[in-house]
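Undergrad: I would like the atomic coordinates for the input below:
(one chain, ligands or ions: 2)
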Amino acid sequence: MGNLLGKKVAVLGAGSWGTAFSIVLADAGNDVCIWARREEVAASINESHENTDYLAGIELPRAISSTHDPEQALAGADVVVLAVPSQSLRENLPTFLPYVDDEAVLVSLMKGVELGTLKRMSEVIAEVGDIAEDRIAVVSGPNLAREIARREPAASVVACADEGVATSLQKRLHSPAFRPYTSVDVLGCEYGGAYKNVVALCVGMAVGQGFGDNTTASLITRGLAETARLAMNLGANPLTLMGLAGLGDLVATCSSPLSRNRTFGEKLGQGMTVEEIYASTRQVAEGAKSCSSLRALAARTGIDAPIVDAVDEVVQGRLTTSQLMDAFISRDTKAELS
Ligand SMILES: NC(=O)c1ccc[n+]([C@@H]2O[C@H](COP(=O)([O-])OP(=O)(O)OC[C@H]3O[C@@H](n4cnc5c(N)ncnc54)[C@H](O)[C@@H]3O)[C@@H](O)[C@H]2O)c1
Ligand SMILES: O=P(O)(O)OC[C@H](O)CO
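TA: Ligands and ions are numbered 1, 2, ... in the order given. Got it, this is the predicted structure:
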C-alpha cells in the first residue's frame, strides 16, 4: 500500500462536489469516470461535457466521462472517490463494493455523521466494506464546489492513517489551482467537516434575521470552540481544528452565499419552514441531518454543545430562529477558555 501509480479514478456521485472534484482530478492528470445515479446526468456529462443539473455553465475536461453503471465506473480504478450524501452512503455501498479492486484506496469527500450509528463516513466504509484504515482516506477543506470548478486557487487536506497513502493521493490531486496537504488525523478532519455545516446553518439563521458581522463572528468562534471540544475529546489533534479542515472550512462555509448549509439557515431565519426549503432545492445541506447525530454524539460524550443543540431544536421545529440568539446570550455565563 502507498504507491498509487495508476491513472484511473472512479468518482461515485455526480453532484456538485463529485463533479467539481473530478475537474481537480482531471487537471492533475487522472482519467476520471463519474458514476451518476441518474442516466440523464451521465448523458449530459458525456454528450455536452457539462453537468447541467449541478454545475451548469462549467465546461468539463475531456478526461472526464460518466456512466450509470457502477461496474463500468469502477473498472481499473485504483482510487475510488465517494461523493454521495452522507445519510445515503450505507445504502449505496453494496452497489459499489463488488466492483472495487482489492488494492484500491477509497476516498471520502463527505461531510456528515450518520444518524443512528453516530459514525463518521470513514467508519461506515470500513464497517460495510470490511476495509482496513490504511485503504481509507478523506479529503476535506475550504472547497466550495463552484469556486473549485472555476479553478479559483484553494487548499485542502488529504488524510489517511497511512501517511504513505496520503502522500500518494496528494500527488494524484495536486493540480495548478488545488493544493492538497497531507495529514494522518482522519477523525479530526471528519469532525471538522461535519461540524462546520451545523455552525454554518446557525450563522445563516442569524444572517436571515438581519444580524451583522459581530453576531456571525461570535458564532463562528464559539462554533470552533465547540467543534474542538467534541473532536479533541474523541481523539482529534487540536491543530487539525485550527487548520484547513477545521477553521479554514468553517470560515469559508459560514461566510459564503454559495454554501448550501448557510443558505438553508438563512431561509429558516427568513421564515421558511424546513419542508419548504427541502422542496425548493435538490442539493444536500448535510448539517440539517448531522445536527441531530452530532448532538447525540456530544450528549453521549458528555460535552456541552449549545450550537448543535439549538440548531437541532430549530430543525425539529421546537425552537424558532427568533428565539435562537436569546437562547445563546441568556445561557449561564462562564470563562471563555472553559
Ligand atoms: N458542494 C460542495 O461544495 C462540497 C464541498 C466539499 C464537500 N462536500 C460534501 O460532498 C458530499 C456530496 O455533496 P454534493 O455537494 O456533491 O451534493 P449534491 O447535493 O450537489 O449532490 C449529491 C449527489 O448525490 C446524488 N444522490 C442524492 N441522493 C442520493 C442517494 N440516496 N443515493 C445516491 N446518490 C444520491 C444526487 O443525485 C447527486 O448526484 C456531501 O457530504 C458534502 O458535504 C460538498
Ligand atoms: O455548500 P455546503 O454548505 O455543503 O459547503 C460546501 C463545502 O463543504 C465547503 O467546503
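Undergrad: and stretch 83-100, C-alpha only, in PDB?
TA: Only the C-alpha atoms of stretch 83-100 are listed here, as PDB (Å, rounded to 0.1, in the frame of the first residue of the first chain):
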ATOM      1  CA  ALA A  83     -19.400  11.700  -3.100                       C
ATOM      2  CA  VAL A  84     -23.000  10.800  -2.300                       C
ATOM      3  CA  PRO A  85     -24.900  12.400   0.600                       C
ATOM      4  CA  SER A  86     -23.700  11.100   3.900                       C
ATOM      5  CA  GLN A  87     -27.000   9.600   5.000                       C
ATOM      6  CA  SER A  88     -27.200   7.600   1.800                       C
ATOM      7  CA  LEU A  89     -23.700   6.100   2.000                       C
ATOM      8  CA  ARG A  90     -24.600   2.900   3.800                       C
ATOM      9  CA  GLU A  91     -27.400   2.000   1.400                       C
ATOM     10  CA  ASN A  92     -25.200   2.800  -1.600                       C
ATOM     11  CA  LEU A  93     -22.000   0.900  -0.700                       C
ATOM     12  CA  PRO A  94     -23.300  -2.600  -1.600                       C
ATOM     13  CA  THR A  95     -23.900  -1.300  -5.100                       C
ATOM     14  CA  PHE A  96     -20.300  -0.300  -5.500                       C
ATOM     15  CA  LEU A  97     -18.200  -2.600  -3.300                       C
ATOM     16  CA  PRO A  98     -18.400  -5.800  -5.500                       C
ATOM     17  CA  TYR A  99     -16.500  -3.800  -8.300                       C
ATOM     18  CA  VAL A 100     -13.900  -2.100  -6.100                       C
END
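Undergrad: can you start the count at 27 instead of 1 from here on
TA: With 27 as the first residue, the last one maps to stretch 109-126.
Undergrad: ok, and what's touching that stretch?
TA: If you take Cβ atoms under 8 Å, 6 or more residues apart in numbering as the criterion, stretch 109-126 is touched by 37-39, 41, 43-44, 47, 61, 63, 96-97, 99-101, 103, 106, 108, 132, 135-141, 147, 150-151, 154-155, 220, 310, 312, 315-316. Bear in mind the C-beta positions are built from the backbone N, C-alpha and C, glycine included.
Undergrad: Mind checking which of these are buried?
TA: Buried by 16 or more other Cβ atoms under 10 Å: 37-39, 41, 43-44, 47, 61, 96, 99-100, 103, 106, 108, 132, 135-140, 147, 150-151, 154-155, 220, 310, 312, 315-316, out of those.
Undergrad: Just the ones in strands from these, please.
TA: Members of those lying in strands (criterion: DSSP state E): 37-38, 61, 106, 108, 132.
Undergrad: Need the max-distance pair from those.
TA: Farthest apart among these by Cβ to Cβ are Trp61 and Leu132. That separation is 13.4 Å.
Undergrad: Show the contacting residues for Asp330.
TA: So, once contact is read as Cβ under 8 Å, 6+ apart, Asp330 ends up touching 252, 255, 324.
Undergrad: which residues touch the last one?
TA: Remark: with contacts taken as Cβ under 8 Å, 6+ apart, Ala324 is in contact with 256, 330-331, 334-335.
Undergrad: Mind doing that once more with 6 Å?
TA: By Cβ atoms under 6 Å, 6 or more residues apart in numbering, the contact list for Ala324 reads 256, 331.
Undergrad: so after the helix or strand hosting it, what's the next helix or strand?
TA: Remark: Ala324 resides in helix 313-327, with elements defined by DSSP states H and E. The element immediately downstream of helix 313-327 (helix or strand, assigned by DSSP H and E) is helix 332-341.
Undergrad: from memory Asp57 sits against Lys34, does it?
TA: Yes. Using Cβ atoms under 6 Å, Asp57 is in contact with Lys34, at 4.9 Å.
Undergrad: Distance from the helix or strand in which Ala353 is found to the middle of the chain?
TA: Taking DSSP H and E as the criterion, Ala353 maps to helix 347-355. Here helix 347-355 is found 27 Å from its chain centre; the criterion is Cα atoms, centre = their mean, to the nearest Å.
Undergrad: Which elements pack onto it?
TA: helix 332-341 (3 or more Cβ pairs under 6 Å, 6 or more residues apart in numbering; DSSP states H and E).
Undergrad: Distance of the residue nearest to the spatial centre of the chain relative to Gly328?
TA: The C-alpha lying nearest the average C-alpha coordinate of the chain belongs to Lys137 (Cα atoms, centre = their mean; 2.8 Å). Computed as Cβ to Cβ, to the nearest Å, the Lys137 to Gly328 distance reads 24 Å.
Undergrad: Leu213 now?
TA: From Leu213 across to Gly328, the span is 18 Å (Cβ to Cβ).
Undergrad: Same check on Ala271?
TA: 24 Å.
Undergrad: Looking at those two, which one has more neighbours?
TA: Ala271 (33 against 7; other Cβ atoms under 10 Å).
Undergrad: and the more buried one, which of the three is it?
TA: helix (DSSP: H, G, I helix; E, B strand; the rest coil).
Undergrad: thinking it is in contact with Ala181, fair?
TA: No. The pair Ala271 / Ala181 is not scored as a contact, 10.2 Å apart, by Cβ under 6 Å.
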